[in-house]
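1. sequence and predicted model, in that order:
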Amino acid sequence: MEYSLGEPLFVRRNQGITLTKTGARLLPAAQGMAQWATEATRALDAKNSPVSGRVRITAAPSFAFDLLAPMAEKLRREHPQITLEVLASTERLNLSRGEADIALRRYPSDDPDLITVDEVIVPIGAYASRDYVRRLPAKYDLRDLDWISWAGALEMVSPNPEFADRIPNFRPAFASDDYSVQVAACQAGVGAMILLKTSHRLKRPGELVELDLVLPTSLRAELAIICHKRMADLPKVRTVLDLLRQEFADLRKRQGAQKLRMATSIIPRKARK
C-alpha cells in the first residue's frame, strides 16, 4: 500500500512504530474494513454464533441516564453477547472517525456520510422528591422552586438559559457538571430539576414526582438517532438501532395517547354522548 501511494504510512523506530499523517487519515477506513471482516466471519457461522461485540453510543448525559441505561437491561436480556458502551458527554464525537458507532443528538445530521435513523420529541417535566413537594405552597410557579442545574463550563446548557430568561436574577440552588449528581441531589430533596419523561420513568416513577408546572415551550428535548453509513448494516449495530427505534416508537405512542386524553377531557359530556 505504501508503494502504491508513494508515501509511508508508518514512522518506524527502535521503540516501535507510529502513524504518519497519511496513515492517520486512512485509519478509520482500515478500522471499518477490519470490523466488516470480523462481522463477515461471524455471519458465515450465524446459526451457531449469536450477534456479539461492542457497540458504542454517544449521547448527552440526560439521554444516557434516562434512555440508554434503562434500555441496556432489555438489550442484555435479549442479546447478552452485545456489550453496550455509553459515552455520556456534551462533546460532539466524530462518527466518521470511528469515535462512536451511534449518536443520539438534538438535531438530524446534514452530513452525507451519516444517516438519520429516526427522530422524536421526548416529553419533559419538572420533578422533585416527595418530601420537597410537601414543603411547597399550595400554588407555585417557576420562581418559587429551588432549581438544580448545570455548573462550570456547562452553565449555559439547557435549562439554565431558559430559566435565566424567565426568572429574574436566576441562580440555581444546587449545580453540578455531573448529571447523576444532579439527580442524586433532586432525590435527596435539595430542589427540583427538569427530567425526561421516558418510558422507564413513567413505568417506574420511584422517589421523584412530577410537579404541576407549565414549562417554557423552548424547553424541547428533540432527539435523533445518527449512524455512519458504513456501520448501519453491521448486525450488532443494527440490533441496537432496532431497540432504539422501538424506544422512539413507544415515546410517540405515549405522546399520542396523552394528547387523546387531553382532548377527551375538554369535550363537554353531552358532546361525548
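-> Sure thing, it's come through.
2. can we go C-alpha only for contacts and neighbour counts from here?
-> Noted.
3. quick one, strands of this structure?
-> Secondary structure of the chain, counting by DSSP state E: strands at 10-13, 16-19, 53-59, 82-88, 102-105, 114-122, 124-129, 148-150, 174-176, 193-196, 208-210, 221-228.
4. same list (these) but as a markdown table, adding distance to residue 26, mean neighbour count and mean pLDDT.
-> Output for the strands of the chain, formatted as a markdown table (distance: least, Cα to Cα, whole Å; neighbours: other Cα atoms under 10 Å; pLDDT from 0 to 100):
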| stretch | distance to residue 26 | mean neighbour count | mean pLDDT |
| --- | --- | --- | --- |
| strand 10-13 | 11 | 12 | 88 |
| strand 16-19 | 10 | 12 | 88 |
| strand 53-59 | 21 | 20 | 94 |
| strand 82-88 | 24 | 18 | 95 |
| strand 102-105 | 21 | 24 | 96 |
| strand 114-122 | 18 | 18 | 93 |
| strand 124-129 | 42 | 21 | 93 |
| strand 148-150 | 38 | 25 | 96 |
| strand 174-176 | 39 | 19 | 96 |
| strand 193-196 | 40 | 21 | 92 |
| strand 208-210 | 49 | 20 | 90 |
| strand 221-228 | 16 | 21 | 92 |
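5. tell me the confidence at the residue most central in space within the chain?
-> Geometric centre of the chain, nearest residue: residue 63, 3.1 Å, by Cα atoms, centre = their mean. Note for residue 63: predicted pLDDT of 92.
6. mind listing the helices for the stretch 51-200 of the chain?
-> For the stretch 51-200 of the chain, the helices defined by DSSP state H, counting those that start in this stretch cover 61-63, 69-78, 130-134, 160-166, 179-187, 199-203.
7. tell me which of the ones you listed sits nearest to residue 255.
-> Nearest of the helices of the stretch 51-200 of the chain to residue 255, taken as Cα to Cα: helix 199-203 at 10.7 Å.
8. out of the helices of the stretch 51-200 of the chain, which is closest to residue 118?
-> Judged by Cα to Cα, the one of the helices of the stretch 51-200 of the chain that comes nearest to residue 118 is helix 61-63, at 15.0 Å.
9. thinking again about what came up before, next, format the strands of the chain as a markdown table and append distance to residue 242.
-> Formatted as a markdown table, the strands of the chain follow (distance: least, Cα to Cα, whole Å):
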| stretch | distance to residue 242 |
| --- | --- |
| strand 10-13 | 39 |
| strand 16-19 | 36 |
| strand 53-59 | 13 |
| strand 82-88 | 13 |
| strand 102-105 | 12 |
| strand 114-122 | 10 |
| strand 124-129 | 24 |
| strand 148-150 | 32 |
| strand 174-176 | 33 |
| strand 193-196 | 21 |
| strand 208-210 | 30 |
| strand 221-228 | 11 |
